[in-house]
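Enquirer: Task: produce atomic coordinates for the following.
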Amino acid sequence: MLKFIIRHRTLITYLAAAFFAISTFLRLLFGYRNQPHLWIIIGLSSSFLALLALEPWFSRRSRLFTHLYIGIQSGIVTTISLVPPHYDYFTNFYVTLALQAAHGLPGGIAFRWIGCFAVLGAASLLYGQGWSKGLPLVIINTAAVFLIGSWMALIKHAETAREETQRLLGELQDAHRQLQLYTARAKELAVIEDRNQLARTLHDSVSQTIFSLRLTAGAARLLMDRDPVQAASQLDKVEEFAESAMIGMRTLIHELRSTSVVAEGLFPALQRLAKTLQRQYHLEVSLNVSGERDLSDEQTEQLYRIVQEALNNVIKHALTDAAAVTINFLKDRTHLEIEDQGQGFKMKDKILGSDNLGLASMRERAELLGGTFAIESRLGEGTRIKVEVPHV
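Expert: Next comes the predicted model:
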């Protein structure tokens, strides 16, 4: 019911205002036909009703016209109330005006007008009816004016709140759609990055191993008749290269299962990665973890990928056989460092250059988690990567 009233507030306001005004006018016509000054009262009441019919035109023009309309109508009602024989029911017109003020004006201004209607109605009743008869009518009229005005103001406030809720709901739906688009885009970029990572790893490890395998097999074929012993040695190398390629492919397949990282947890996944790198590339990785923290799936995945990319860079560029990974779980953030004592590089030559997409990838992953990424390196003094991620 309340929802219906809110949706049809304007219609209900005009119907209620017309009901109070017309019922008062009909009472005059049918109850007091032979009273003195009847035609003056009918004329003033007719003017009130005519202006009531024109109120939508006033309210559409400007707020000034609304004030002008209410002022004229208040003057007409006060004049009618002062014309003998001082009919008490004409104060019902103030209820009509209270409805219109609450409907068409802001809350504070509307209640000032409603206060004026209460004062004018009280003065008219006390003047025309005297204190003994007029005082109870004053109480009834004042209560009616404020009650009707407050009710309409409440309905108006509810309507405004409903419109605001609809607007916020629309904005929320728009934001939700944008978030869905961003999420889809982020997933798409993540897939592209994983494919790029796979391509780089295939090129840097497996494809080079297979290329070496082909060269060694070709050399063994040439030596087969001339030097069987040397050919057998080359075939041993072919077997080693094939085993290395198989290990590399198994590692890649395992690394593509990103859900295993989340299922294992960050530290066990890093332990597994360290063993793989030691077996495949003879890189000794020391892991140091302090504190405890339950990371989200996204944090676990992205931090693991950062460490993985950083250690891949160590293998490709640092010319060292050792690296250290340190993770500190602090109160409000996680601090990650990957350090090596390799050959390092000049920062100005390497900061996110086109030849080192790995650094850009690590920075993007850190920023995706709302964190920071920093890199320190000097030629001949190794490299240190620092990542800080806030806890959510």
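
Enquirer: and after the helix or strand harbouring T96, which helix or strand comes next?
Expert: If you go by DSSP states H and E, T96 is part of helix 92-104. Where DSSP H and E defines the elements, the next helix or strand beyond helix 92-104 is helix 107-201.

Enquirer: Please point out which parts of the helix or strand just after that following helix sit buried.
Expert: Using DSSP H and E, the helix or strand that follows helix 107-201 towards the C-terminus is helix 207-226. For helix 207-226, burial by neighbour count (16 or more other CB atoms under 10 Å) applies to 209-210, 212-213, 216, 219-220, 223. From N, CA and C alone the C-beta is placed, and that goes for glycine too.

Enquirer: With stretch 366-381 instead?
Expert: Within stretch 366-381, the residues scored as buried using 16+ other CB under 10 Å are 366, 369, 371, 373, 375, 377.

Enquirer: how is this structure carved up into domains?
Expert: Domain assignment for the chain, taken from automatic domain parsing, gives 2-171, 265-392.

Enquirer: For these, give me JSON lines that also has distance to T183 and mean pLDDT.
Expert: Output for these, formatted as JSON lines (distance: least, CB to CB, whole Å; pLDDT from 0 to 100):
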{"stretch": "domain 2-171", "distance to T183": "18", "mean pLDDT": "72"}
{"stretch": "domain 265-392", "distance to T183": "11", "mean pLDDT": "85"}
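
Enquirer: Can you lay out those domains as a markdown table showing distance to V238?
Expert: Formatted as a markdown table, the domains of the chain follow (distance: least, CB to CB, whole Å):
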| stretch | distance to V238 |
| --- | --- |
| domain 2-171 | 65 |
| domain 265-392 | 18 |
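
Enquirer: and of those, who's closest to F241?
Expert: domain 265-392 (12.6 Å; CB to CB).

Enquirer: what about that closest one, how long is it end to end?
Expert: End-to-end span of domain 265-392 (CA to CA, to the nearest Å): 17 Å.

Enquirer: and what of stretch 323-342?
Expert: For stretch 323-342, the first-to-last residue distance is 9 Å (CA to CA).

Enquirer: For the residue of the chain most remote from its centre, list the residues it contacts.
Expert: The centre of the chain is farthest from one residue, R226, which by CA atoms, centre = their mean lies 75.4 Å away. Not one residue lies near R226 by CB atoms under 8 Å, 6 or more residues apart in numbering.

Enquirer: cool, G149 as well?
Expert: G149 neighbours (CB under 8 Å, 6+ apart): 98-99, 101-102, 110-111, 114.

Enquirer: Show me where the stretch 201-350 of the chain has its helices.
Expert: For the stretch 201-350 of the chain, applying DSSP state H, counting those that start in this stretch gives helices covering 207-226, 228-256, 258-264, 266-281, 297-313, 347-350.

Enquirer: highest average neighbour count across the ones you listed?
Expert: Among the helices of the stretch 201-350 of the chain, ranked by average contacts under mean count of other CB atoms under 10 Å, first place goes to helix 297-313 (a mean of 21).

Enquirer: From the contact counts, what lies against that helix?
Expert: helix 107-201, helix 258-264, helix 266-281, strand 322-329, strand 333-340, helix 357-368, strand 383-390 (3 or more CB pairs under 8 Å, 6 or more residues apart in numbering; DSSP states H and E).

Enquirer: Now do it against strand 333-340, angle only.
Expert: Interaxial angle of helix 297-313 relative to strand 333-340 (axes from the mean of the first three to the mean of the last three CA atoms, to 10 degrees): 10 degrees.

Enquirer: Pull the residues that contact helix 297-313.
Expert: Contact with helix 297-313 is made by 197, 200-201, 204, 255, 258, 261-262, 265-266, 269-270, 273, 277, 283, 285, 295, 323, 325, 327, 334, 336, 338, 356, 358-359, 361-362, 365-366, 368-369, 383, 385, 387, 389, as judged by CB under 8 Å, 6+ apart.
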